[in-house]
Structures are given as C-alpha cells and as structure tokens.
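[1] Fold the following.
(one chain, ligands or ions: 1)
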Amino acid sequence: MTGTVVHEGNDRDAGVVEEICGYLTEQPPQSFFLFAGAGSGKTRTLVEVLRRLTGVVPHASGGRLANRLRLYGRSIRVVTYTKNAVAVISGRLGSNDLVAVSTIHSFCWELIGGFDEDIREALIADKAVQLEEAKTKAAAKVRGISDTDRRKFAEIEAEIEALKGVPTFIYHPDKDTYGEGAMQHGQVLDATAWLLLNRPTLRTILQDRHPIILIDESQDTMKSVLDALMKLAEPRGSGLTLGLLGDHRQRIYMDGHSDLPGLVPPGWAKPELKMNHRSQQRVVQLINKIWAAKLAGRTQPSSGIEQHHRTEKTGGTVRLFIGRTSLSTPEKRQKEAWVALQMQQAAQSDAWATSAGYQSLALEHKLVAARGDFLNVYTAITLIDPNAAAPSGRGENTGPSVARLVLQDLAQLAACVAADGSVNDFAATEVLRRAGCLDQLPADADQRIARTEEMHEALAAFGSACVKPDATVAEVVAPIIKAQVFKVDSRLLQQFADQTPPPAAPIPRQETETDDARRRRGWCALFKAPWAELERYRRYLAGNSELATHQVVKGSEFTHVMVVMDDDQSGGNQISYDKLFGATELGKRDLDNVQAGKETTIDRSLRLLYVTCSRARETLALVLWAENPAEALKFARNKSDWFTAEEIVEIA
Ligand SMILES: Nc1ncnc2c1ncn2[C@@H]1O[C@H](COP(=O)(O)OP(=O)(O)OP(=O)(O)O)[C@@H](O)[C@H]1O
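    Next up is the predicted model:
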C-alpha cells in the first residue's frame, strides 16, 4: 500500500498509535483488540492514543472526535486493572476532561449506584441461578441430595429473602463496605453485567456518557462485564466502541476469558505490538520459546506474536536450577542462597550477593505463608473468606471486612505498644479518636471518667497480651472486645462469644460443607492462631513483603528475579511446574480436559511461568524443586529447547 511506512528495530511498533487512532475516528468507529505482549509498553501506547483523540497532541481526525465529545458532554472511558494504573495513566495524561480513567469497580458502581431496585433484582437473579445450579448438581449425585446440600439450599434461600428487605445498597470501590446493604466487589461487577444486558435504559446511559471504552488488562477482566460490553459493541455502529488491550499469555486470574483472542468478533481490528522494551535478549528469547512450546497436555493455542528485544539489549543471563522437593524448607532456603551465589558468578552481578538485590517469587500464597511464618493466620482467613485472604494483584487488599478488628484496628493499636507491653497513651488515644471510638463517651462527668478508666484498663491488658510470647489472637482481642473499645462487626462478636468447638473439616472430594461451617472453622482457627503471625500476614497482604507470589507481580518489573517453583508446598492443584517440566505424569483430570479441549494444568502453569519470567530485565534464576529431578533434568536437556546445556544446573 502506498504511504505505508515500515518501521524497523526499536521503532517497529511506531505505527500502532496512529493505527488505533484510525480505528477509533473512522465513521463508524471500529472496535479493536490489541495484542500487546510482556514489556511492550501498553500504557505508553494507550496514553499516546488518548492524547491524540482528545486534542492534546494535534491530530486531524482526533481533533474532530474531541470536538464531538465536548459538544455532547461525553468522554472516553478507560478501565484499568489497578488503582495504581489509574494514577499512572491520569498522571501521564494530565488534566483532561475528555477522558475518565477508573478501575472496573468504580466504573460499574458509577453506572449502577443508587438504582437500588435494579440492583436488588440483579442480585436476586444471580442468587436464583446459584440455587438452581446447586440443586442440579446435588440431584446428579449418585447418593442423592444430602442434608448438607439441603442446608446449602436453605442458606441461599435465606440470602434471597434478606436481599428483598434491603432498602439501599452501599459500596465503595476502594475499601470494604460494612453493614446492611453492603456489596462485595464481585457482586457489583455481576450486577452491572446483568443490568447492562437486561435494562435498555442503562445501556443508553452508558453509550451516551462513554461512546468509547478502552479496557486495559482485558485478559483478566471479569468475563461477565466484558461479555456484556462486547455484546453492546456489536454490530459496528451500535453506539459503543470497545478497545481491548491485553496479553492473553499473561492471563492468571480465573475471572478472565480463557481464550479472549478467539472470542474477538471477526469485524474487529487486531493491531499488534511486537517489541519487548523491558528485557534483555536472552529473557525475550526464553519467553518466546516458552509460549511457542508444543507440550503434551497443552490445549491453549500458541497464538500471539514472537517478540523482538531492543537492539541495545543483547545480553541477559538465564539459569535453571533443579533439585529435590523432598528437602526440608530450611534446606531449600539454604540451597536457594547457593543458587543466588551461582547467579552472582554467572551474571557477574553483585546484586545477587544480598537477598534485597533480587526479587524472589514463590508459587502460591500458601507457600509464601509457610516460608513467611504466617500459615496459621493465612489458612484461617482463607476459610473465613477465600476471596479476600491473599494480596489481590491490585495491591489494595485489606483482607475480609468482617475481620477488620484484628487486621486493621488492632494493627494500629499494636503500633502504640512498646516492647515491654506498655502503651503509649497519646498515640493510642489518637488511634481511638480517628476510629471514632471516643465519639460516644457519656456526657455525664462521672460516667465519662468511669468509661475512660475502663478503656484504659482494656488497653493496658491488650498491651501486655500483645508482647506475651505465644499469645493467641483470642487472648489479645479479649480485653478489647470485653470493654467494647472499637465498633466491631457483629459476626466477629458472635463467633468470639460462641464457645462450641469447630466442626470437623470435610473429607476432600467426598464431603461438601456449608459456608457457615467453613467460616466457623476459620474463626476458631484464627482465634487459636499466634498473635505474632498477624503482623507478618498483614505486611504480605499489603504487598510489603520481600516475598511475593507469581501472581501478584503481574505488571511489575525487576532487574534480577528468582522464581521458586515448588508444587509440594503450594497446596491446590491448579498449577504444577512438575508436570510442566515433565517430572510427573499428567493426571486423569488433565487427560480428560485435553480430550474435551478444556484448559489443563499445563496451560495454567505455562502462562504463570510466562508471567514470572517476563518480569526480569537482566537476569533470571528459575529454581525447580522437583518430585523427580532426573526426569525434570531430562526434559530440560533433551525435550525442550528452552535452555542451553550450560544454563541447566543440578542442585546436589
Ligand atoms: N517505546 C518505548 N521505548 C523505550 N522503552 C519503553 C517503551 N515502551 C515501554 N518502555 C519501557 O519498557 C518497560 C515495559 O513497559 P510496560 O511496563 O509499560 O509494559 P507492559 O506492556 O505494561 O508490560 P507487562 O504486560 O509485561 O506488564 C518499561 O520499563 C517501560 O519504561
């Protein structure tokens, strides 16, 4: 085609911004799906497109679009995965009233907040589906419907009844919401999807406010919302144009669609970013090979573009270390320190000489919890609320709202306690004042003094309990609850007052349990857990620990990375690096899934490996603790072309 400029080298992707501007300013505009691999500079591309479409950078058709948007009081909506990404994009764009950037949660709540009747209907419809599914599943059991199943049905029916009585729904995208009508994050997303599909008025409102919606990290965006928006964007000219940015190779949350590229309607444009600006050549080469690998048990297509490294980034060091998973945790830690030493020599980089010099990535939250010494608390919180127990990847998880007292309020109070257990009264009073605990002090002087005394005594007892070695969570919270120092969630109070022993855990794969029973086990475990674990758990939850899981590092980059792969301690069977490296056979479920063309352990593990490896700028150490090291070594040496012979090291 005449006039087409072919870019080479580092400028290979230079035409993509203009290409996307073209799709969005055509009449009618065209939706698109941007294949943007790891380190390809998605954010930069997005911002440059927005600057042209809103007249910040002079652009003929962009300027016309900006005028139209302004004339009708509309704006382009950008939906990002994290609050941090909102800040980055807004910061780079500067003040721009033609673009509204938000997380998907804010976006959804802006749309549906206040429409209480509609929300109620959506939530009830969702519960009705849940109930129907539970009944169908139970009816299909060989032994028929059990008592536990019936209790589960009753639980859902009670939830439906409760919803009918809620007058107003409340929600805050950035923090947990409490009390009657409080909605969970997932509920807001599901309700929005349902309403977009079932309420034409909402569709009209959306199209009228935001005729163009651009979604970053679309591979992990909740599929219900994505499906609803994709439906609204069809056919071309419907009034809504979508732009999906993302990398299906980096899909790690189950919320997203399993094969987004395969679902993109044929009429959509599919621009591509081919560069990897982040990593050295050797790392880019490795991730290309990993993605292209033809492996037994792989069902996901290897669709996607091979990436190019920047012309000046021709180095990089990669090593694969393989050892026995039967070693103890301390032995493994010791060997991992040895691995770092090998990396120091191989890469000639002293960054590997101290643990602060490189980022360690562990596979599972449970593994991190075991290594970080907060497994009891983590396990308990997982039972209380499986969806809120681990860092979210959005970097803003504060744990289940129901456990706020122990996870947040008491953390602040604990910071006022000295090593000898004495409490800094001034700092503690400030904590109580901020939390509103002093608002309700009696007006009567004598009563006021008595109440202050009571709180003071509770704080003193809390301080001494805090520093007692081996103190349990129950021992530390007892004086605080007794004196009602903080306003505490009624569910926590009820669980604390309940003296009955926890129900027995169900036998895996044979028994189910009700949510109530699971939560009760969680609370009992939490009250029994060591108080000292809580602080370590909180740090991890907030993303401030030097240990991170493979999942939460999505979007980040580090100069030196050590990826620790250890199925044995990971718990759960969603991921298996042993299977990926041929060290254990595929299970029956995997073979069935292969037959059915469904996602397998190999697919999930491959994507996770892709994400972790692509975080490294310069050097990358992969440590595989294998069940069968000999097989894993054979795979690495003979059956895959991922590593050269000198890059594969056996851990003796
Ligand atoms: N055009 C460019 N020229 C030079 N460096 C760039 C360019 N685009 C991005 N970079 C740099 O490359 C690195 C990766 O960019 P960025 O994190 O935006 O990629 P990404 O597409 O979001 O990656 P991922 O999906 O892996 O998180 C960053 O350090 C960024 O500063």
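
[2] which regions of this protein sit below the pLDDT cut-off?
    Where the chain drops to pLDDT under 70, the residues are 1-6, 175-178, 253-254, 363-364, 392-397, 508-509, 543-555, 569-573.

[3] Near the ligand, which residues of it? Just list them.
    36, 38-44, 247, 250, 277-278, 555, 557, 614 (CB under 6 Å from any ligand atom). C-betas here are computed from N, CA, C, even on glycine.

[4] Any of these buried? List them.
    Neighbour counting by 16 or more other CB atoms under 10 Å classes 36, 38-43, 247, 250, 277-278, 555, 614 among the residues of the chain next to the ligand as buried.

[5] Those in strands, which ones?
    Secondary structure from DSSP state E places residue 36 of those in strands.

[6] could I get the buried ones among the residues of the chain next to the ligand as TSV with distance to residue 316?
    What follows is these, written out as TSV (distance: CB to CB, whole Å):
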residue	distance to residue 316
36	21
38	14
39	12
40	17
41	18
42	22
43	23
247	20
250	20
277	14
278	11
555	21
614	12
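
[7] Which member of the buried ones among the residues of the chain next to the ligand is positioned nearest residue 410?
    Distances from residue 410 to these, taken as CB to CB, are shortest for residue 555 (31.3 Å).

[8] Run through who's touching the host helix or strand of residue 129.
    Residue 129 belongs to helix 116-139 when assigned by DSSP states H and E. The contact list for helix 116-139 (CB atoms under 8 Å, 6 or more residues apart in numbering) reads 112, 144-146, 149, 152-153, 156-157, 159-160, 163-164, 166-169, 183, 187, 190-192, 194-195, 198-199, 202.

[9] what's the nearest residue to the residue in the chain positioned nearest to the ligand if we skip its chain neighbours?
    Going by CB to the nearest ligand atom, the ligand is nearest to residue 41 of the chain, at 2.5 Å. Excluding its sequence neighbours, the residue lying closest to residue 41 (CB to CB, 6 or more residues apart in numbering) is residue 277, at 5.3 Å.

[10] For the helix holding residue 129, buried residues please.
    Residues of helix 116-139 classed as buried by neighbour count (16+ other CB under 10 Å): 118-123, 125-127, 131, 134, 138.

[11] Among those, which one sits closest to residue 298?
    residue 134 (32.8 Å).

[12] correct me, but residue 239 touches residue 211?
    Yes. Using CB atoms under 8 Å, residue 239 is in contact with residue 211, at 6.4 Å.

[13] Look at these two and report which has more neighbours.
    Counted by other CB atoms under 10 Å, residue 239 and residue 211 do not tie: residue 211 has more neighbours, with 21 against 13.

[14] List phi and psi for the residue nearest to the more buried one when sequence neighbours are not counted.
    Leaving aside its sequence neighbours, residue 211 sits nearest to residue 74 (CB to CB, 6+ apart; 5.9 Å). Backbone torsions of residue 74, given as degrees, to the nearest 10, read phi -110, psi 170.

[15] separation between residue 218 and residue 319?
    Distance, residue 218 to residue 319, using CB to CB, to the nearest Å: 34 Å.

[16] neighbour count winner among the two?
    Legend: neighbour count by other CB under 10 Å for residue 218 and residue 319, higher for residue 218 (26 against 20).

[17] if I look at that one, how far off is residue 36?
    From residue 218 over to residue 36 the distance is 10 Å, taken as CB to CB.

[18] Now for those two: what residues contact both?
    With CB under 8 Å, 6+ apart, residue 218 and residue 36 have common neighbours 245-246.

[19] Please enumerate the strands of the stretch 201-350 of the chain.
    For the stretch 201-350 of the chain, applying DSSP state E, counting those that start in this stretch gives strands covering 212-215, 241-246, 272-273, 275-276, 308-309, 317-324.

[20] Residues touching the fourth one, excluding its own?
    In other words, strand 275-276. Contacts of strand 275-276 with the rest of the structure, by CB under 8 Å, 6+ apart, involve 10, 12-13, 37-41, 284, 287, 307-310, 614.
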